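J.: Need the 3D shape of this:
(chains A and B)
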Amino acid sequence: MDWMLDYAWLVPALPLLSAALIAAFGKLMPGKGSELGVLSLAVAFLLSVGIAWETFTAPAPMEPVEHAFEWSPLGGGFVIELGMLVDGLTAMMFLLVTLVSLMVHIYSREYMQGEPRFTFFFAMLSLFTFSMLLLVIANNTLQAIIGWELVGLCSFLLIGFYWEKKPNQDAANKAFLVTKFGDVGLIVGVIVLSVPMFGASGSPFNILELNQAAADGAIGQGTIVLGMLMIFLACVSKSGQMPLHVWLPDAMAGPTPVSALIHAATMVTAGIFLLARLYPVMAQSLLVMSVVAVVGVITLFFAGLVALVQDDLKKVLAYSTVSQLGYMMAALGVGGYTAGIFHLFTHGFFKALLFLGAGSLIHAVHSNNMSDMGAMRKAMPHTFWTFIVGSIALAGFPLTAGFFSKDEVLVAGQYWPYATGGLVFWVGLAAAFVTAFYMARVCFLVFWGESRSHHPPHESGRQMVAPLVVLAILSIASGYIGSPVWDDDNNFGTWTATPVLAEADYPFVADDELGTGLQGGGEVLAGGAQGQAGSASVLAVEGEEGEGLGAGSILHGPPSWHLDVLLMALAVFLAAVALAWRIYGRGKPEEDPTLNMGPLTTVLVNKYGFDDFGYRYIVVPVRDHAARWASWSSNVVLDGIVAGAGKLTRDAAMTTYRVLDQKVIDGGVNGAAFSAAWWSERLKRVQSGDVQRYAAVLVAGVIVLVVVFAAAR
Amino acid sequence: MSLVGPLLLATFLFCVGIYGVIARRNAVLVLMSVELMLNAVNINLVAFQNLLFPAEAAVSGHLFALFIIAVAAAEVGVGLAIVLNLFRTRATVNVDDVDLMRW
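T.: The predicted structure follows:
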């Protein structure tokens, strides 16, 4: 099975191939190309399962498999690579991306039935998947940028899929421009981080070498802070962190399967993934970690609040995604590497499930608004049950996937010895209440009460329900590989651990400081005695149980039960659902109290004014002033330079023509002819026709020769 | 017998011939001067053969001399014919007046 790791490049290659084939031949096929997409994703998924199995069962931490084509642009000195890097993190992302993408492909076959540009849609889905997989498999930061930009391009094309309507165009432009703003940071960050690597390594953009150098302390603090903050800016825009989250809710303009793909697997997770990939670099700086944590905390809480007042079902889910991405960011910022990507993993499944379920609902009632739904549980039992499973997983109901991963995030905050740790824990817990509340609100408004639909709703067909069922199962099951019930030696943490991470530690953490944080957490949670018992081994470094309680080691040990956190999460969940049931239980959206909170509602409905602010202070000045200036500089300065260069070239050419061509070259040619004529006029007189003169010259010549040879003798 | 006598004779004849070829204006006299030069060479050939390579079987010098005599006869024949034609068409045998082959 080892060969599977070497053939991991097939996983991104297959969707690329299918994208090309669908674009070329899709319209000729009976399924209009959709079957090609499903087939390629199915094969890629099976490969990913093999790769995941191989990496999961490997003794941790697994040595990464790396292959690359090398190109040496200056013929030596350094190389630029195009390659693959397969380790547990890659395998985890492969599994998530290919599975969600496969489900979305199957689902879209029915959902997009009869749409114009059906074939284009599937080509783009496959290309989108390819882009994300290219980013995931990248072994160097340049290749990651390529994948990153392709992801942005595909999301632009798919968000604006219904481009006949102006708002959809605007949404696509907004998504593209906002993420592009962050991409500038990515490029700057990559360049900054590559600078110290140029001397130290033959391939300055290689991620493994960069991680190793950073973990060895070979890269200066200033470089790391500047580079990682720039890269973090890109992650903020791509992963929808405040204040650059504004594109994400608008991205709901795209078809619902695209929303599922964007939110679960291919787009917004890219930022989290990139930070996780560069985690050893990020872990070198407390400043970077704190910025990440604070941005994550702000996002996870305030985005959750906005979700309370949305009527559009997809927008609730969109703000919920923003909030959950905030959890992941916050986890990465407080040392919860495993927790962050574990939440990414489980969130991928239940958020895809929720979006696909929402798509099923929207398909049935032809409206995005919850005020047009109600009592859907009778008409759509499969959608109902799967949606409920997704909702409780998202809300963190105990023993669902979301519970395990979200609690990992909170526990990570508990162990972090700095102020951000407590912030993540308490705000995360408060946001868990908000999450449970708005998901309960959605479920009650949509599935209970009386039907407000203008169409008689109907259950969706098999191709839409089957992905829902698969994802619902995973929304429960995927949590267990990172939970205490699983094996200590092979779990999510050991799967995604890399050798660099296992050996690295936080340089800014003094000995026993993590222990203090741990005890602090324990005091706060005085009620949960078992939580502390389990947490004693949390700091154990992988493979060195018992003795590896090293200060500042990055990886937490095997997961353990935190009964205190479990009880709190359960209490929060029950309180939120009870409150929501009291308010929304009868399913009357017009009595929604979140819409009658005066100025608070206004603030939330206005989404804290980010969009207005952005429109007034960024879009308008850019459009009315910067654009005019840019137009002026383009028309006058740039065109002037171009025209001047053209005129200069033409003048130079005329001068060359007159001087070089007319004078020098023509003069030379004519001069040769004239000199030949001049000389011939004089030399022809030798040919006098006088035989006796010839004879005299001949005799004279002989005499000269005789004299010359005699003298030479 | 010494080589000096025949060689001096031949040199004298050759110089007389050259003088005649270059200086005389009459075409017939030019031809005669050419004959003098040829015969100066003949004297040389025969003298070298007899005095330097006196073996009875060695006759190549003599043979060359005979060749030259034969060729000279032919040459004079052709030359006199040209001169005759020249005189017929131009009524002169002065070589200075015959310069058609000039530039």
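J.: What residues does chain A have near chain B?
T.: Remark: the part of chain A in contact with chain B comprises A:684-685, A:687-692, A:695-696, A:699, using CB under 8 Å from any CB of the partner chain. For every residue, glycine as well, the C-beta is placed using N, CA and C.
J.: rerun at 6 Å
T.: A:684, A:687-690, A:692, A:695-696, A:699 (CB under 6 Å from any CB of the partner chain).
J.: Where do the strands of the stretch 51-200 of chain A begin and end?
T.: A:65-71, A:80-86 (DSSP state E, counting those that start in this stretch).
J.: which strands and helices sit next to the first one?
T.: Applying 3 or more CB pairs under 6 Å, 6 or more residues apart in numbering or on different chains; DSSP states H and E, one finds that strand A:65-71 contacts strand A:80-86.
J.: Look at B:Asp99 and give its secondary structure.
T.: coil (DSSP: H, G, I helix; E, B strand; the rest coil).
J.: separation between it and chain A?
T.: To chain A, B:Asp99 is 4 Å away according to CB to the nearest CB, to the nearest Å.
J.: Once you drop chain neighbours, what's closest to that residue?
T.: Nearest residue to B:Asp99, sequence neighbours excluded (CB to CB, 6 or more residues apart in numbering or on different chains): A:Gly689, at 3.6 Å.
J.: Surely the one you found touches B:Val98?
T.: No - taking CB atoms under 6 Å as the definition, A:Gly689 is not a contact partner of B:Val98, at 7.9 Å.
J.: Can you show me the strands along chain B?
T.: Taking DSSP state E to define them, one finds no strands in chain B.
J.: Following the chain onward from the lowest-mean-pLDDT helix or strand in chain A, which element is next?
T.: Within chain A, no helix or strand scores below helix A:529-535, which has a mean of 33 by mean pLDDT, DSSP states H and E. Note on helix A:529-535: by DSSP states H and E, the next helix or strand toward the C-terminus is helix A:563-584.
J.: In chain A, what residue lies closest to chain B?
T.: Relative to chain B, the nearest point of chain A is A:Gly689 (2.9 Å; CB to the nearest CB).
J.: Look through chain B and state the residue closest to chain A.
T.: B:Arg102 (2.9 Å).
J.: wait, isn't that residue in contact with A:Val686?
T.: No - taking contacts as CB under 6 Å, B:Arg102 lies outside contact range of A:Val686: 10.0 Å.
J.: which residues of chain B score low on pLDDT?
T.: Low-confidence regions of chain B, defined here as pLDDT under 70, do not occur.
J.: Show me what from it comes close to chain A.
T.: B:18, B:21-22, B:99, B:101-103.
J.: And A:Ile224, what's its pLDDT?
T.: In this model, A:Ile224 is scored at 86, pLDDT.
J.: Just give the number of residues close to it.
T.: If you count neighbours by other CB atoms under 10 Å in any protein chain shown, A:Ile224 ends up with 23.
J.: one step back: next, the contact list for the nearest residue to the residue of chain B closest to chain A once chain neighbours are set aside, please.
T.: Excluding its sequence neighbours, the residue lying closest to B:Arg102 (CB to CB, 6+ apart) is A:Gly689, at 2.9 Å. By CB atoms under 6 Å, 6 or more residues apart in numbering or on different chains, the residues touching A:Gly689 are B:99, B:101-102.
J.: At which residues are the helices of the stretch 101-250 of chain A located?
T.: Along the stretch 101-250 of chain A, counting by DSSP state H, counting those that start in this stretch, helices occupy A:118-137, A:141-159, A:166-200, A:207-215, A:221-238, A:247-250.
J.: For the helix or strand hosting A:Pro467, which outside residues touch it?
T.: Secondary structure from DSSP H and E places A:Pro467 in helix A:462-477. By CB under 6 Å, 6+ apart, the residues outside helix A:462-477 that reach it are A:103, A:106-107, A:109-110, A:349-350, A:352-353, A:356-357, A:360, A:382, A:386, A:389-390, A:393, A:400-401.
J.: Now intersect these with the helices, please.
T.: Judged by DSSP state H, the contacts of helix A:462-477 include A:103, A:106-107, A:109-110, A:349-350, A:352-353, A:356-357, A:360, A:382, A:386, A:389-390, A:393, A:401 as members of helices.
J.: Look at the residue of chain B closest to chain A and say how many residues are nearby.
T.: 10.
J.: again with A:Ile262
T.: For A:Ile262, the neighbour count with other CB under 10 Å is 30.
J.: What of A:Pro417?
T.: 23.
J.: Give me the pLDDT for it.
T.: We have a pLDDT of 76 for A:Pro417.
J.: Tell me who's in contact with A:Ala52.
T.: Applying CB under 6 Å, 6+ apart, the residues contacting A:Ala52 are A:91, A:95.
J.: got a list of what A:Met376 touches?
T.: Per CB under 6 Å, 6+ apart, neighbours of A:Met376: A:446-447, A:457.
J.: Also A:Ala440?
T.: A:577, A:580.
J.: Would you confirm that it belongs to a helix?
T.: Yes - judged by three-state DSSP, A:Ala440 forms part of a helix.
J.: does the residue nearest to A:Pro249 when sequence neighbours are not counted count as helix, strand or coil?
T.: In space, and not counting its chain neighbours, A:Pro249 is closest to A:Ala318: 4.4 Å by CB to CB, 6+ apart. Using three-state DSSP, the structure places A:Ala318 in helix.
J.: A:Asp487 now?
T.: Going by three-state DSSP: A:Asp487 is coil.
J.: Quickly note the distance from it to A:Ala412.
T.: 21 Å (CB to CB, to the nearest Å).
J.: again with A:Arg682
T.: Distance, A:Arg682 to A:Ala412, using CB to CB: 104 Å.
J.: for A:Thr656, same thing?
T.: Where A:Ala412 is concerned, A:Thr656 sits at a distance of 71 Å (CB to CB).
J.: Just want to know which of these two has more residues nearby.
T.: Per other CB under 10 Å, whichever of A:Thr656 and A:Ala412 has more neighbours is A:Ala412, with 28 against 12.
J.: State which helix of chain B is the longest.
T.: The longest helix of chain B (DSSP H) is helix B:60-90.
J.: Mind listing what's buried along stretch A:228-237?
T.: Going by neighbour count (16 or more other CB atoms under 10 Å in any protein chain shown), the buried part of stretch A:228-237 is A:228-237.
J.: correction: stretch A:210-223
T.: Buried-residue list, stretch A:210-223, by 16+ other CB under 10 Å: A:210-215, A:219, A:223.
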